[in-house]
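J.: task: produce atomic coordinates for the following.
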Amino acid sequence: MRKLAMLASAVVLLGLGVTNADAANLNPSTYGTAGCGLGSLIFQDEPGLVQVLAATTNGTFGNQTFGITTGTLNCVDRRSTSRRAALFVEANREALVKDVSRGSGETLVGLSAIMGCSDTKAVATSLQSNFSTIFLSEPSSTDQVTDAILETIRADKAVASTCTQLL
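T.: Below you'll find the model as predicted:
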């Protein structure tokens, strides 16, 4: 009887781990109800009982926990996109201003990668057409510039649809 109680407790605790892995700060559009992890890469978001297999795979050897900790295996923290973008803007601000004004350049490629955008040219065009909104005439903080960049991309639905790591 005691073994049965311990087994039931273990099942409940494992279930809670899977539930917590599918938290609001992860990107549920890239995986099914089983959450992120190796199972999401193999079975993707296919509906139905296949998600049981995905959850089992996710729990095997703690790969879901590993994915959440490292940001791999489809476990992406969406909040970190704005933090990474802000760090990128701060470190590359002068070059970014020049590249956005031109509508091309290495910093736009890097910024697009941070946002998970597959169409760098569309990102560059959108940011270039909103240059004066993003880089105001008075000095702006890094957070203001980053917020303006992210809002510009979110507002352009065609561009935003190519970006997998936007909120």
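J.: can you spell out which helices and strands pack onto the longest helix along the chain?
T.: Criterion DSSP state H: the longest helix present in the chain is helix 79-102. Applying 3 or more Cβ pairs under 8 Å, 6 or more residues apart in numbering; DSSP states H and E, one finds that helix 79-102 contacts helix 106-115, helix 120-129, helix 131-134, helix 142-155. Just so you know, the C-beta spots here come from the backbone N, C-alpha and C atoms, and that holds for glycine as well.
J.: report the buried residues of the helix or strand following the longest one.
T.: It stands for helix 142-155. Using DSSP states H and E, the helix or strand that directly follows helix 142-155 along the chain is helix 157-160. By neighbour count on 16 or more other Cβ atoms under 10 Å, the buried set for helix 157-160 is 159-160.
J.: residues contacting helix 157-160, please?
T.: Applying Cβ atoms under 8 Å, 6 or more residues apart in numbering, the external contacts of helix 157-160 come out as 117, 119, 122-123, 126, 153-154, 166.
J.: what about Gly48, how many neighbours?
T.: Gly48: 9 surrounding residues under other Cβ atoms under 10 Å.
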